[in-house]
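Colleague: Need a 3D model of the sequence below.
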Amino acid sequence: MRQPRSESAFDYRLNFAALAAAAVMAAAVAPPVAMAQEYPDRAIRVIVPYPPGGPTDTLARALGEGFRERTKYGFVIENRPGANTGLGGLACKQSTPDGYTLCFLASTTVSLNPHLYANLRYTPADFAPVSNVATTRAIFLVNKGIPAANLKEFVEYTKKNPEKMNFGSFGLGGETHLMIEWLKSKTGAVMTHVPFTGFAPAIQAFDRGDIQVMAPIAVPPILDRMEKKQATGMFILGDNRADNVPDLPSVRDLGLPAIGFNTWFGMLAPAGTPKDRIEKASAIIREVVAQKEFVAKFMTNSGFVPEAGTPEEFRKFLENDYIKAGELVKLSGVKLSAE
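Modeller: Okay, the predicted model is just below:
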């Protein structure tokens, strides 16, 4: 198996800097008539690396409506699920960098996959940051049959009953897998990983008692199970509490070291997209996400925390996130091969 080319944080910064310079040059040499056109003057194709109907797809479509209200042109969503969001990332890389393809990608796509896959067909340098949009908080969810009221009791129970303890993820190498591996390494908890193809089969297995632990986002179906005492939300598997479940402690509240990593979703573009179009798209997205009504309707209830920022702010975030993701993957020991 071919090992991936290692990239230092310095290389990564240079890649993003080179992209920014290329965008400026592209804008400078563009024909005057083309640059004089109002952007956008037609609908924008947005690649989403998840199936239709899920919370991420719904959020992308809501952003498109906000875009339409401000420019008269919305989004045409192209769902490209598969390969741990890698198919969406590859489709983004291969798209024309003219500002009419944007990509609503995730931490899995941009930060984790380059460390996980030995022969991934894209790198973070293939994307130009537009704006981050949201982060999420994962709940450490425990089956109601586990006799543990807190993390200490839970860890002790897993050590005494290792054969009874399975945790489910939404895919090998994703955040729902790697963050529980991180917890195991920091607490000594003993659990066996059982990967699923997504949320639906994992929650069904959890309800049946086939798995005892999950780390889903704080979305209504999970909160409903907690309210009905069908499952125990023990804590937030992240450094900060979640707004929609403020009583649950974070890992730092429990005295554990900071993870430094959260699942995020953000808008990117193919490398080489003109800087002026990236700046305008970013400004519109930030304006949409700044609306309280939008956040209440499309984000808070789905477990999203708004995090919109400028292309430069997003670039700096991605540099740091890439390093943190590498540390998480190294800790897990997971290595995969892309098809």
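Colleague: Enumerate every residue touching the nearest residue to residue 237 once chain neighbours are set aside.
Modeller: Counting by Cβ to Cβ, 6 or more residues apart in numbering, the nearest residue to residue 237 once its immediate chain neighbours are dropped is residue 138, at 4.3 Å. (C-beta placed from N, C-alpha, C; glycine too.) Contacts of residue 138 were listed using Cβ atoms under 8 Å, 6 or more residues apart in numbering, and they are 175-176, 179, 215-218, 236-238, 263.
Colleague: next one: residue 40
Modeller: Residue 40 makes contact with 71, 73, 99-100 under the criterion Cβ under 8 Å, 6+ apart.
Colleague: go with 10 Å
Modeller: By Cβ atoms under 10 Å, 6 or more residues apart in numbering, the residues touching residue 40 are 67, 71-74, 99-100, 277, 280-281, 284.
Colleague: same question, residue 193
Modeller: Going by Cβ under 10 Å, 6+ apart, residue 193 touches 166-169, 172, 177, 180-181, 184, 211, 213, 332, 334.
Colleague: Now do the same for it: helix, strand or coil?
Modeller: strand (DSSP: H, G, I helix; E, B strand; the rest coil).
Colleague: partners of it in the sheet?
Modeller: Per DSSP bridges, the residues bridged to residue 193 are residue 167.
Colleague: What of residue 77?
Modeller: Listed beta-bridge partners, residue 77: residue 46 (assigned using DSSP bridges).
Colleague: Out of the contacts of residue 138, which end up buried?
Modeller: By neighbour count, with 16 or more other Cβ atoms under 10 Å, the contacts of residue 138 hold 175-176, 179, 215-218, 236-238, 263 as buried.
Colleague: Could you list which of the residues you listed belong to strands?
Modeller: Counting by DSSP state E, the part of these found in strands is residue 236.
Colleague: could you dump the buried ones among the contacts of residue 138 to a markdown table with distance to residue 256 and pLDDT?
Modeller: Formatted as a markdown table, the buried ones among the contacts of residue 138 follow (distance: Cβ to Cβ, whole Å; pLDDT from 0 to 100):
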| residue | distance to residue 256 | pLDDT |
| --- | --- | --- |
| 175 | 17 | 89 |
| 176 | 18 | 90 |
| 179 | 12 | 92 |
| 215 | 14 | 95 |
| 216 | 20 | 91 |
| 217 | 20 | 87 |
| 218 | 19 | 84 |
| 236 | 11 | 94 |
| 237 | 10 | 93 |
| 238 | 11 | 89 |
| 263 | 18 | 91 |
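Colleague: right, and out of the contacts of residue 138, which lies closest to residue 44?
Modeller: Of all the contacts of residue 138, residue 44 sits closest to residue 263, with 24.3 Å by Cβ to Cβ.
Colleague: Need phi/psi at the closest one.
Modeller: Backbone dihedrals for residue 263, given as degrees, to the nearest 10, come out at phi -60, psi 130.
Colleague: out of the contacts of residue 40, who's nearest residue 223?
Modeller: Nearest to residue 223 among the contacts of residue 40 is residue 67, at 29.5 Å by Cβ to Cβ.
Colleague: quick one: which helix or strand includes the closest one?
Modeller: Take DSSP states H and E as the rule and residue 67 turns out to sit in helix 55-71.
Colleague: quick one: low-confidence parts of the stretch 201-339 of the chain?
Modeller: 339 (pLDDT under 70).
Colleague: hey, where'd the strands end up in the stretch 151-300 of the chain?
Modeller: Listed in chain order, the strands of the stretch 151-300 of the chain (DSSP state E, counting those that start in this stretch) span 166-169, 192-195, 213-214, 231-236, 264-270.
Colleague: For residue 114, find the nearest of these.
Modeller: Proximity to residue 114 (Cβ to Cβ) singles out strand 264-270 among the strands of the stretch 151-300 of the chain, at 13.8 Å.
Colleague: List the pairing partners of the closest one within its sheet, with orientation.
Modeller: Strands flanking strand 264-270 in the sheet, each with its direction: strand 101-106 (antiparallel), strand 127-136 (antiparallel) (DSSP bridges).
Colleague: How far away from the center of its chain is the first one?
Modeller: For strand 101-106, the distance between its averaged C-alpha position and the chain's averaged C-alpha position is 11 Å (Cα atoms, centre = their mean, to the nearest Å).
Colleague: what do you get for the longest one?
Modeller: Here the centre of mass of C-alpha atoms in strand 127-136, compared against the chain's by Cα atoms, centre = their mean, lies 9 Å away.
Colleague: Could I get the average pLDDT for the following helix or strand past it?
Modeller: Tracing the chain C-terminally past strand 127-136 and defining elements by DSSP H and E, one meets strand 139-143 next. In this model, strand 139-143 has an average pLDDT of 96.
Colleague: What pairs with strand 139-143, parallel or antiparallel?
Modeller: Per DSSP bridges, strand 139-143 is paired in its sheet with strand 213-214 (antiparallel), strand 231-236 (antiparallel).
Colleague: any chance of the ones you listed in JSON lines, with distance to residue 78 too?
Modeller: As requested, those are exported to JSON lines (distance: least, Cβ to Cβ, whole Å):
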{"stretch": "strand 213-214", "distance to residue 78": "29"}
{"stretch": "strand 231-236", "distance to residue 78": "33"}
